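sequence first, predicted coordinates after that:
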Amino acid sequence: MRYLKILTVPAAALLLSVSLAVTDEAPAVPEGAVEHAGHHYKLFDDVEDLSWNRGKAHCAEMGGHLAVVTSTEEAEFVATLCDGAYAFLGASDDGEEGTWVWVDGTPWEFTWWMDGQPNNYGGVEDYLATYKKGRWVDVEASGEDFWMPTGYVCEWDY
């Protein structure tokens, strides 16, 4: 796979010159990320001031995205990675209730909902999270209640 590496180099007259280089070297993933089926994943748990949007932004800052789960095998892997942790994943239906969308644009074809989910409890649950045995639930973007996630899973597509 080929990757685009962006390098910034200062130039004369207070201008900034941008140099692009193509490399076969994949960008680095954070220490502790686990490889599965050609992708890398990392659980960030016990996060202070957590929200789905903050998790999404943090993953993007590191060159990844909130985890996109498209198969039973991947769902079971993420469940094992979370090991009981309640974590945000990379989908929401905040644009249109009932229309779930992955953060990376992957078609919404696979689901792993817990029985009775999604339920949009209180009319405010628009974000995907793992729960018991890794099954999915819909939750609010943030909050302090016991049913709210304590972290999120980032994914890197390399």
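Now that the structure is in, tell me what you want to look at. Model, not experiment: these values are computed from the prediction.

what's the per-residue pLDDT of the residue most central in space within the chain here?
With distances taken as C-alpha atoms, centre = their mean, L66 lies nearest the centre of the chain, 0.7 Å away. Looking at L66, its pLDDT stands at 98.

could you do I6 as well?
47.

cool, and V139?
Confidence score, pLDDT, at V139: 97.

that one is in contact with V124, isn't it?
No - counting by C-beta atoms under 8 Å, V139 does not reach V124; the two are 9.1 Å apart. Heads up, the C-betas are built off the backbone N, CA and C, glycines and all.

hang on, the earlier thing: host element of the closest residue to the residue nearest to the centre of the chain other than its chain neighbours?
Distance criterion C-beta to C-beta, 6 or more residues apart in numbering; nearest residue to L66, sequence neighbours excluded, is G90 at 3.1 Å. G90 belongs to strand 87-92 when assigned by DSSP states H and E.

circling back: burial count for the residue nearest to L66?
25 (other C-beta atoms under 10 Å).

distance of it relative to F146?
23 Å (C-beta to C-beta, to the nearest Å).

V139 and V124: which has the busier surroundings?
Per other C-beta under 10 Å, whichever of V139 and V124 has more neighbours is V139, with 24 against 13.

now the more buried one: phi and psi?
phi -140, psi 170 (degrees, to the nearest 10).
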